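Visitor: structure, please.
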Amino acid sequence: MLIAIALIVLVVATVLFHFLSPWYFTPIASNWDTVDATVDVTFWVTGVVFVAVNLFLAYCIIRYRHRKGNKAHYEPENKKLEWWLTGITSVGIAAMLAPGLSVWAKFVTVPEDAAAVEVLGQQWAWSYRFPGKDGELGASHAHLISVDNPFGMDPNDPVGQDDVLVSNPQLHLPIDKPVKMLLRAKDVNHQFAVPQFRVKMDMVPGMVTHFWFTPTRTGEFDVLCEQLCGMAHFAMRGRVVVNTQEDFDKWLDAQPTFEQTLTATKGDPVAGQALFATCTACHGAKGEGNRELNAPKLSGQADWYLVRQLQSFKAGVRGSNDQDAPAKQMIPFASMLADDAAVRNVVAYIKTLPEVRPAASVVGDPVRGKELYETCSACHGDTAKGIWATNAPRLSNMSDWYMARQLQHFRDGIRGGHPQDFHGAQMRSMAKVLADDQDVADVLDYIRTL
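Guide: Reported below is the predicted structural model:
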């Protein structure tokens, strides 16, 4: 009897939770309300079956419970009952599948007036590509992907020269305009999903998958990867901003074309030497760093990372938190670099500086640190030299006191809190793997041995 009562309570509690729960679908922000209708049909079919089966089971437990003197009746087959069960089950499955297949057919049948946008997924970030004024996307291939050509575009294809590249996890789209999403993965399987739009689709290396939707209200909406893609899968976040057509056009015009990025990737170390003169006051003539001035070592660091950090300082993405005084100090100095060309020039000069091994200032247990570093190696590499593809900078032979402070800032939410600092937000999550200052010291002491 207790089991029967438990089953009845389970059914009642489940039904009440479904109808009274504050957790339900987010308000829809696209044309795919039919997806919600399809899910509702699935809820009703599975809900009715759940209630019926469990209440029937409770009834059977009560009705056919053991009673002294009663003997069970054995009936190995009942064709009439089997036909009823087969028929009812078939109707229920058809009721769930038919609407879904109908919606799926519409989901992948793109309207002729839909604008194309390419989504590029990689561990663990998003980037996007728009066709230029010719309305066509240029050719691309995985074997062409490099630091200077992250989208893998064919530089010899004239069609792709005016393609607009967005090397940022934030995508802008115009309201009430259908858009075809072309999905491409660099490394492993990903899945592009925007819950508020009710859209998701797998991204498979070597394939281009697609779907379409029409944004129906302005605002900001989360982009998630819903395919387990590695260590930092949970932190692979992005954002879709739906704008008015006017605001979208302004944003798109501010993004670089492929042709512009080809010329922008080259820095001039000679011009950069003069610009670096100001930096030497803190970072040293050889970029060796100076702890007393809160200036980390720069020499030996990846040029793509230094460019990104200088751009983040100039844009106020880094140094936005009042508790990060050293970063706030960097903002006016970074602003002395007039444009991206100046940034690339000074970084090109830093790349020519000789390698100087910084003095150790953090002491821990390198043996224990090796175990802790296993998580870090997924992005930064086994030898901590950094991996461009995972947006992870070099750690080996860099200033350990600086890394210790940055890890603490990530853990405390001082760094990585700016809405445009997507990579910093990832590190906020990953840094929490190191529970305390001893963990930080141990892992940094191990990195020093690499």
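
Visitor: least confident secondary structure element in this protein?
Guide: The helix or strand of the chain with the poorest confidence is helix 258-264; it has a mean of 84 (mean pLDDT, DSSP states H and E).

Visitor: mind exporting that one as PDB, just the C-alpha atoms?
Guide: C-alpha atoms of helix 258-264 as PDB (Å, rounded to 0.1, in the frame of the first residue of the first chain):
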ATOM      1  CA  PHE A 258      38.500  40.300 -45.100                       C
ATOM      2  CA  GLU A 259      40.500  42.600 -47.400                       C
ATOM      3  CA  GLN A 260      41.100  45.000 -44.500                       C
ATOM      4  CA  THR A 261      42.200  42.300 -42.100                       C
ATOM      5  CA  LEU A 262      44.800  41.100 -44.600                       C
ATOM      6  CA  THR A 263      46.500  44.400 -44.500                       C
ATOM      7  CA  ALA A 264      45.900  44.900 -40.800                       C
END
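
Visitor: quick one: buried residues of it?
Guide: Across helix 258-264, burial judged by 16 or more other C-beta atoms under 10 Å covers F258, T261, A264. For every residue, glycine as well, the C-beta is placed using N, CA and C.

Visitor: can you check stretch 177-196 too?
Guide: Neighbour count says stretch 177-196 has 178-196 buried, by 16+ other C-beta under 10 Å.

Visitor: where's the closest residue to D445 other than its chain neighbours, which helix or strand?
Guide: Of all residues not flanking D445 in the chain, G364 sits nearest, at 3.8 Å (C-beta to C-beta, 6 or more residues apart in numbering). Of the helices and strands defined by DSSP states H and E, none includes G364.

Visitor: count of neighbours near S167?
Guide: 16 (other C-beta atoms under 10 Å).

Visitor: right, and it touches P150 too?
Guide: Yes: in this structure, S167 is within contact of P150 by C-beta atoms under 8 Å, at 6.4 Å.

Visitor: what residues go with each domain of the chain?
Guide: What automatic domain parsing lists as the domains of the chain is 2-66+78-107, 115-256, 266-356, 359-450.

Visitor: and those domains as JSON lines, adding mean pLDDT and distance to A72?
Guide: Below are these laid out as JSON lines (pLDDT from 0 to 100; distance: least, C-beta to C-beta, whole Å):
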{"stretch": "domain 2-66+78-107", "mean pLDDT": "89", "distance to A72": "8"}
{"stretch": "domain 115-256", "mean pLDDT": "93", "distance to A72": "47"}
{"stretch": "domain 266-356", "mean pLDDT": "92", "distance to A72": "72"}
{"stretch": "domain 359-450", "mean pLDDT": "92", "distance to A72": "57"}
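
Visitor: ok, now how distant is K351 from G364?
Guide: 31 Å (C-beta to C-beta, to the nearest Å).

Visitor: these two: who's more crowded?
Guide: The neighbour comparison of K351 against G364 (other C-beta under 10 Å) goes to G364, with 22 against 18.

Visitor: do I have it right that the more buried one meets A441?
Guide: Yes: using C-beta under 8 Å, G364 is in contact with A441, at 3.3 Å.

Visitor: send me the helix or strand containing M403 as CSV with only the CA atoms.
Guide: M403 is part of helix 400-412, with elements assigned from DSSP H and E. Presented in CSV, the C-alpha positions along helix 400-412 are these (Å, rounded to 0.1, in the frame of the first residue of the first chain):
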residue,chain,number,x,y,z
ASP,A,400,54.3,34.4,-11.8
TRP,A,401,53.3,37.3,-9.5
TYR,A,402,51.2,38.8,-12.3
MET,A,403,49.5,35.5,-13.0
ALA,A,404,48.8,34.9,-9.3
ARG,A,405,47.1,38.3,-9.2
GLN,A,406,45.1,37.7,-12.3
LEU,A,407,43.9,34.3,-11.1
GLN,A,408,42.8,35.9,-7.9
HIS,A,409,41.0,38.7,-9.8
PHE,A,410,39.2,36.1,-11.9
ARG,A,411,38.2,34.1,-8.9
ASP,A,412,36.9,37.3,-7.1
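
Visitor: give the buried residues for that helix.
Guide: Within helix 400-412, the residues scored as buried using 16+ other C-beta under 10 Å are D400, W401, Y402, M403, A404, R405, Q406, L407, H409, F410, R411.

Visitor: repeat that for stretch 240-249.
Guide: By 16+ other C-beta under 10 Å, the buried positions in stretch 240-249 come out as V240, V241, V242, N243, F248.

Visitor: with stretch 48-60 instead?
Guide: Under 16+ other C-beta under 10 Å, the buried positions of stretch 48-60 are N54, A58.

Visitor: could you pull out the strands for the stretch 151-300 of the chain?
Guide: For the stretch 151-300 of the chain, the strands defined by DSSP state E, counting those that start in this stretch cover 164-166, 170-174, 179-185, 190-194, 199-203, 209-213, 219-225, 237-243.

Visitor: would you turn those strands into CSV with distance to P27?
Guide: Below are the strands of the stretch 151-300 of the chain laid out as CSV (distance: least, C-beta to C-beta, whole Å):
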stretch, distance to P27
strand 164-166, 26
strand 170-174, 17
strand 179-185, 20
strand 190-194, 13
strand 199-203, 15
strand 209-213, 15
strand 219-225, 10
strand 237-243, 13
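
Visitor: spatially, which residue comes closest to D113, not counting chain neighbours?
Guide: Nearest one to D113, counting by C-beta to C-beta, 6+ apart, is P178 at 6.3 Å.

Visitor: what do you get for G100?
Guide: Closest to G100 by C-beta to C-beta, 6+ apart is T38, at 5.2 Å.

Visitor: surely the one you found forms part of a strand?
Guide: No: secondary structure of T38, determined by DSSP: H, G, I helix; E, B strand; the rest coil: helix, with no strand assignment.

Visitor: just checking, it touches K106?
Guide: No: T38 lies out of contact with K106 (C-beta under 8 Å); the separation is 11.0 Å.

Visitor: what is the burial count for L372?
Guide: 19.

Visitor: centre-most residue in this structure?
Guide: Central residue of the chain (C-alpha atoms, centre = their mean): M236, 2.1 Å from the mean position.
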